[in-house]
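> fold the following, please.
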Amino acid sequence: MVSVLSLWLPILVSAVFVFFVSFILHTIFTYHNSDFKALPEEDRVFNALDGIKIPPGDYIMPHAPDNKTRQTQEFKNKVEKGPVALLTVMENKMPGMGKTLTQWFVYCIIISVFAAYIAGRALGPDADYLAVFRFTGATAFIAYTAALWQDSIWYSRKWSSTIKSTIDGLIFALLTGGVFGWLWA
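Numbers count the residues shown, from 1 in each chain. So this is what the prediction gives:
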């Protein structure tokens, strides 16, 4: 067994590697540019929503607060008429990247901590590279990708976007596993 604290270096280095590779994937490569499309007649939608002053949050339309409401003919008619949509409303300002990038880096560290914990419980300090790579890489893969699939299953997010993010997660997992195998206790 290896303590998580003794694995601070691979935790930090793997988080840094993932952070910078994710930057490269999202700024140099353009395959994520097609994840979202513009609304048809976007200006009309902007103008229609402008006076409503929707606070930031997640919304669904039509909305049914409970199963009883979902069973009413009125609700079913709204669904059939459409549009049916999930909507995330953000603050009316250009998003600052500092907070987002900080949160992403902390998230990368947390994933590496869990990878360290699982591998540390399963392996000894003299574990070989491939064993460390398998445990930490598999843990990181699950952490970076599995929850994304739920959005395609439950919320109709395009599977192509989820698959692209899963490929990103595979790259992040390979990096994490490689760093841990390299720097293992």
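> okay, the lowest-mean-pLDDT helix or strand in the chain in PDB with CA atoms only?
Every helix and strand of the chain was ranked by mean pLDDT, DSSP states H and E. The lowest is helix 42-50, at a mean of 89. In PDB, the C-alpha atoms belonging to helix 42-50 read as follows (Å, rounded to 0.1, in the frame of the first residue of the first chain):
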ATOM      1  CA  GLU A  42     -30.700  33.900 -33.400                       C
ATOM      2  CA  ASP A  43     -31.400  37.600 -33.400                       C
ATOM      3  CA  ARG A  44     -35.200  37.000 -33.100                       C
ATOM      4  CA  VAL A  45     -34.600  34.600 -30.200                       C
ATOM      5  CA  PHE A  46     -32.400  37.200 -28.600                       C
ATOM      6  CA  ASN A  47     -35.000  39.900 -29.000                       C
ATOM      7  CA  ALA A  48     -37.800  37.600 -27.700                       C
ATOM      8  CA  LEU A  49     -35.800  36.700 -24.600                       C
ATOM      9  CA  ASP A  50     -34.300  40.200 -24.000                       C
END
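> what's the first helix or strand after it?
strand 57-61 (DSSP states H and E).
> which helices and strands does that following strand pack with?
strand 85-89 (3 or more C-beta pairs under 8 Å, 6 or more residues apart in numbering; DSSP states H and E). Just so you know, the C-beta spots here come from the backbone N, C-alpha and C atoms, and that holds for glycine as well.
> partner strands of the strand it packs on, with direction?
strand 57-61 (antiparallel) (DSSP bridges).
> quick one: average pLDDT of the strand it pairs with?
The pLDDT scores in strand 57-61 average 94.
> again, but for stretch 8-23
Rounded mean pLDDT across stretch 8-23 is 97.
> quick one: buried residues of that stretch?
Pro10, Ile11, Val13, Ser14, Ala15, Val16, Phe17, Val18, Phe19, Ser22 (16 or more other C-beta atoms under 10 Å).
> how near is Asn47 to Glu41?
10 Å (C-beta to C-beta, to the nearest Å).
> repeat for Ile153
30 Å.
> so where does the residue most central in space within the chain fall, helix or strand?
The centroid of the chain falls nearest to Leu148 when counting by C-alpha atoms, centre = their mean (5.8 Å). Here Leu148, judged by DSSP H and E, is contained in helix 147-155.
> ok, which stretches of this protein are helices?
8-27, 42-50, 67-70, 73-81, 97-122, 129-141, 147-155, 159-183 (DSSP state H).
> weakest of the ones you listed by average pLDDT?
It's helix 42-50: among the helices of the chain, that one has the lowest mean pLDDT, namely a mean of 89.
> distance between that helix and the chain's centre?
29 Å (C-alpha atoms, centre = their mean, to the nearest Å).
> who touches it?
Leu39 (C-beta atoms under 8 Å, 6 or more residues apart in numbering).
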